[in-house]
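> sharing a model prediction with you, sequence too.
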Amino acid sequence: MMEEVARLSETIENDSVKEWKAGGGKVVGYACVCTPVEILDAAGILPYRIRALGNPRTDIADSHLARFNCSFCRSCLQLGLEGAFDFMDGLIETNGCDHLRGMFENWQYVKPSPFFYYVKVPHQTTPDAMEYFEEEIRLFRGAIEQEYGTKITDESLRDAIRRQEAIRERLRKVYDMRKADAPAFTGAEALSLFLLASAVPPDRFCEMADAAIAERKDNKVTGYRARLMLGGAASDEPELIKAIEDVGGLIVTDALCYGARAFWSPIDLDADPVKAMADVYLRDLLCPRMYDDYPRRRDFVLNAVAEARVDGVVLTHNKFCDVHGVDNVQLRLDLEKRDIPVLQLEKVYGSKADVGRIRTRVQAFLERIGGKA
Amino acid sequence: MTRALAEAKTGMFDRVAMLFEVIDMLPEEMSDEEIAGLMNILPGDAANALGAMLVPRVRKGSIAFMRMLAVWLDQAKHAATKHGKKTILVPFCFPPELIHAFDNGYPITSEVLSTLGVVALEGQGERYYDMALGLGLPDHICSSNSIEVGSMLGSNDFQPQAIISAAVGSCDINSKTHEFVSNYHDIPLFMLEKPVDNTDRGIKQYYRNYRTLVATLEEFFDEELTEEKIRTVVEMHNECTRLYMELWELHKASPHPVPNLFALYTYGARFAMWGTDSGVELMRVLVDESKKRLKSGEYPAEREVARCLLTYTSFYFDLAGMFNWMEEQGYSYLGDGLNMIFPQPIDTTSRDTMLDGMAEEARNMPMTRQMGAPSMAMGWSDDVIMAVTQLSADCAIYPGHHACKQTWSAASILREELMKQVGVPLLVLQGDSWLRRTTPIGVIQELIEEFISNVVVPKQAGRRKVRKRTRPAADEEAEVTTESES
């Protein structure tokens, strides 16, 4: 099953998406972890998380964004302008960060999507901000109803919440199975599963995840030199994780937005659906774009470090990513205060040329933390 | 040795404040010989900046500017000891008049301090930026505030009692830097978020956020912000605004009667002393001096070659090489993005009308207004196009401060819209507005000169015309923005 997972997750327009489209289904893209995808799901739309999968080309994107913009956003924009996401029927922007906003604005300016909607997400969790975001979700719901001529009832929304929560439960289970002394999945495999979760219909993902979990129940990944946590910026790059794992640093947990931060908080299935979504997508959001709750992000990392018994933490950020670039320094200082070794790694997204340097840095880090030979 | 070490660790604020104590002692009127003598005893970097500010055509405005800053620094330095006030660090996009309205508070604007460090200190404050990098902060953080913040993090600098983060929604790195300092030094952080939403709902939300901040500050300063106190600063805000508008009208004349450096002085007043006597006094001098130049018809070059609008920040590490050099070439500096504050008089009827008016002013501060808009590119383009049109600019220049990721995200759309809507070409530069080490001023001058000679002047002469552009296909290279008729 994991081969099938890897195959599907390595393709942008995968077979499942093609089938969905062939059956007349709509697909709407989003990029940011604070997008309430349940609204799309409740309208019968397949929410699809935009990804670049390590795409190193940015030549077209560079004539719109600049070299001072994050290479992940430039990679996504490149793919968007090249047509890799032409299967999408709409695009949802969120103000995740300045680069992401720029990516969406340029994408929409150059190649307008048939449907475009901007979900505005506050950067704080005060009562006023929470109230504003709840209203924002209601407006988003109304826009989707209007655009796609459908009625999203509270009941259909609750069903969608349950479907999306089922995805999150599977992912939590996979992450749980990585905590063992001999983990059942490698970090690269976990990333494949994660990527699949936001690129196929929920039921299809749950079937495949259940099969993968059953298949790997007794699997033991051994022979690694150290157990590592990966944290930091958007990293949907299987090659990056492979590069780290190839030299013996097994990623046993993470604090990534293409990872644990996207599914860690459970949603309240009994609450008012809009309020439940506001809580999970804003109040519980673990993202450095939030400027008033660094201690919660720090505690999340510290808990994950303890639970997965990691030997060291690798904190990455794509060059010019401000929110992670600064947050990683705060995290490093706090982790080192607790004698947890940290490798802070600035990188260029998807650059093959960077892989050799990253391997060397990780090897040196493993030497430093005394990883087994 | 101990003394030398202590000096190396002296904070930027203290060094700048010391220097301004000396400047404040200078006589109102100085002869050219006296100024030359002063230049001889100053260190090179300070002499270069002060030399630019004291050339005869801008001398009076510069002295008024320095006096305003001397008051600001002196008040801040002695806020606690002499006046029993708490200092609060604010970003440039936060209108300081709210803090001036409190008896117990005093605003320190991080970007103004960074700029003063660059302008006035030997070494241009680079050592403080390096202190921030020494902690591991990435080299793409913004020097505008991290020079000052680096000093707070790495030297024996003063520390504010609280920080206001007002770039939330319009600039990640500004907000993130403030958050970092707050956590590092355990200083309370108060946020003023601008929703990226200009509907009534978004505006109401911003007003709510502003009122929440006012209440937080009342508690923090242990002081009620009465109608009387607000009215005092609002009336002076209105006077500053009236003078700003008068200056804006003067910018429309050709040849340009407002000395290039006055653009910097105008927003220096806006960011530090708006709503105070000192702010009013500076604005009055800037208007009077410009009127005099208008009346005399004087212009520093033989003729006005090009009217240039800078679309965001400028380059501050060489005032002579940027502002004065442009003027001497006949390149009028009509203002830059930081002048795009569009202040409005505030209704003084009641506490509520005044607080709403102040919130509205805050919502329209530079960067907040443009980058906090639902579309950064369109919010920015609309303002630049309005300014270009009203001030009859021949061209626009984007200085391309490397840390401004949000404007870099929107610069290509700005270029397109400028050409499409008003046929004005945009020069895109790259550099660091506060650090000379990124792009030297000579390179910047060369690029501006080539742009004006090869694009702007031929266009004025009708030898180049604007091609009506269609939006490029995704896979096309960026087009040349002008073409030759011949």
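Looks like it came in fine.
> grab the nearest non-local neighbour of B:Glu179.
Take B:Glu179 and drop its neighbours on the chain: the residue closest to it by C-beta to C-beta, 6 or more residues apart in numbering or on different chains is A:Tyr291, 4.7 Å away. No exception for glycine: its C-beta is placed from N, CA and C like everyone else's.
> so the one you found sits right up against B:Ser175, yeah?
Yes: with contacts counted by C-beta atoms under 8 Å, A:Tyr291 reaches B:Ser175, the gap being 5.1 Å.
> got phi/psi on B:Asp130?
Comment: the main-chain dihedrals of B:Asp130 come out as phi -70, psi -30, following degrees, to the nearest 10.
> do A:Val119 as well
Backbone torsions for A:Val119, taken as degrees, to the nearest 10, come to phi -90, psi 120.
> all helices for the stretch 251-400 of chain B, in order.
In the stretch 251-400 of chain B, helices defined by DSSP state H, counting those that start in this stretch lie at B:262-272, B:277-296, B:319, B:325-329, B:351-363, B:368-371, B:376-390, listed in chain order.
> put together JSON lines for those helices, with mean neighbour count, distance to chain A and mean pLDDT on each row.
Written out in JSON lines, the entries for the helices of the stretch 251-400 of chain B read as follows (neighbours: other C-beta atoms under 10 Å in any protein chain shown; distance: least, C-beta to the nearest C-beta, whole Å; pLDDT from 0 to 100):
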{"stretch": "helix B:262-272", "mean neighbour count": "26", "distance to chain A": "21", "mean pLDDT": "98"}
{"stretch": "helix B:277-296", "mean neighbour count": "19", "distance to chain A": "29", "mean pLDDT": "98"}
{"stretch": "helix B:319", "mean neighbour count": "25", "distance to chain A": "25", "mean pLDDT": "96"}
{"stretch": "helix B:325-329", "mean neighbour count": "20", "distance to chain A": "24", "mean pLDDT": "98"}
{"stretch": "helix B:351-363", "mean neighbour count": "19", "distance to chain A": "14", "mean pLDDT": "98"}
{"stretch": "helix B:368-371", "mean neighbour count": "27", "distance to chain A": "8", "mean pLDDT": "96"}
{"stretch": "helix B:376-390", "mean neighbour count": "20", "distance to chain A": "5", "mean pLDDT": "97"}
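> where in chain B is pLDDT low?
Low-confidence regions of chain B, defined here as pLDDT under 70, cover residues B:1-8, B:463-486.
> now with 50?
B:1, B:4-5, B:469, B:471-486 (pLDDT under 50).
> check which helix or strand covers the residue in it that chain A sits nearest to.
Across chain B, no residue is closer to chain A than B:Ser409, which sits at 2.2 Å (C-beta to the nearest C-beta). If you go by DSSP states H and E, B:Ser409 is part of helix B:405-417.
> which strands and helices sit next to that helix?
Contact partners of helix B:405-417 among helices and strands, from 3 or more C-beta pairs under 8 Å, 6 or more residues apart in numbering or on different chains; DSSP states H and E: helix A:98-110, helix B:172-185, helix B:368-371, helix B:376-390, strand B:395-398, strand B:426-428.
> residues contacting the third one, please?
Just to be clear, that refers to helix B:368-371. For helix B:368-371, the external contacting residues (C-beta atoms under 8 Å, 6 or more residues apart in numbering or on different chains) are A:98, B:93, B:166-167, B:169-171, B:194, B:337, B:340-342, B:362-363, B:376, B:379-380, B:383, B:406-407, B:410.
> which residues touch A:Val305?
If you count contacts by C-beta under 8 Å, 6+ apart, then A:Val305 has A:Met229, A:Thr253, A:Val313, A:Leu335, A:Ile340 around it.
> which of those residues sit farthest apart?
A:Thr253 and A:Leu335 (13.7 Å; C-beta to C-beta).
> okay, the two: which has more neighbours?
A:Thr253 (28 against 22; other C-beta atoms under 10 Å in any protein chain shown).
> what's the closest non-adjacent residue to the more buried one?
Counting by C-beta to C-beta, 6+ apart, the nearest residue to A:Thr253 once its immediate chain neighbours are dropped is A:Ala308, at 3.9 Å.
> and the one you found, its phi and psi?
Taking degrees, to the nearest 10, you get phi -90, psi 0 for the backbone angles of A:Ala308.
> pLDDT value on it, please?
Per-residue pLDDT puts A:Ala308 at 96.
> that one reaches A:Ile251, doesn't it?
No: in terms of C-beta under 8 Å, A:Ala308 does not count as a neighbour of A:Ile251; the distance is 9.5 Å.
> shared neighbours of the two, which are they?
Residues touching both A:Ala308 and A:Ile251 comprise A:Met229, with contact defined as C-beta under 8 Å, 6+ apart.
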